[in-house]
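Trainee: 3D, please:
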Amino acid sequence: ADGTKPSVKYYVVAPGHSTINILLDGSLYKTLHAESVVGAYGFILKLDIPLTLTSGRHQFSIFTVNALGRPSSQVGIVTFNVRGTTIQPLVRYGQTTQYVVKSGDSLWSIAQQILGHGARYTELVAANISAHPSLATAPNIIQSGWTLAIPAP
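Mentor: Have a look, this model is predicted:
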């Protein structure tokens, strides 16, 4: 926590001239624009945690966005627990396994089976949006044979 407003800090490296979308629990939280530099640009991103969040696990997903407004690459995931006024960051650094989608699967059922709770399907969206951009607008539509990255539980 940082002063009276809880926050987490995350080091981000993004291409110069890029737009960065930040999702909180799967919903757009903030849009930023990286410095107008050539090559990659690194900076510390301070993510203020809304005081209205309920207790439990939450997640910021950070993506660069291409010129068409579609996610182009995942920059990072910051998972944290809220317990009353206490914030416990659980930053993950790309520890993933893979899962091949079968007929009848849904992101909810995969999250339930592998991550322990169906509501964590947003973590699957965040981890796979660059490989399957349609997840940004239709996360309920997945196809048999897709290989999904599964974030560490």
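
Trainee: CA only for contacts and neighbour counts going forward, please
Mentor: Fine.

Trainee: Who are the packing partners of the longest helix along the chain?
Mentor: Secondary structure of the chain per DSSP state H: the longest helix is helix 121-128. The elements that helix 121-128 packs onto, with contact taken as 3 or more Cα pairs under 8 Å, 6 or more residues apart in numbering; DSSP states H and E, are strand 71-83, helix 107-110, strand 147-151.

Trainee: The first one - what's its average pLDDT?
Mentor: Here the mean pLDDT over strand 71-83 is 73, rounded to a whole number.

Trainee: do the same with the shortest one
Mentor: On average, the pLDDT along helix 107-110 is 88.

Trainee: cool, and the last one?
Mentor: Over the span of strand 147-151, the pLDDT mean works out to 82.

Trainee: what's the distance between that strand and the middle of its chain?
Mentor: Distance, stretch centre to chain centre, for strand 147-151: 13 Å (Cα atoms, centre = their mean, to the nearest Å).

Trainee: Could I get the CA-only coordinates of it as CSV?
Mentor: Extracted in CSV, the C-alpha atoms of strand 147-151 (Å, rounded to 0.1, in the frame of the first residue of the first chain):
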residue,chain,number,x,y,z
THR,A,147,-3.6,-24.4,-27.2
LEU,A,148,-4.1,-22.2,-24.2
ALA,A,149,-1.4,-20.9,-21.8
ILE,A,150,-2.5,-21.6,-18.2
PRO,A,151,-1.0,-19.1,-15.7
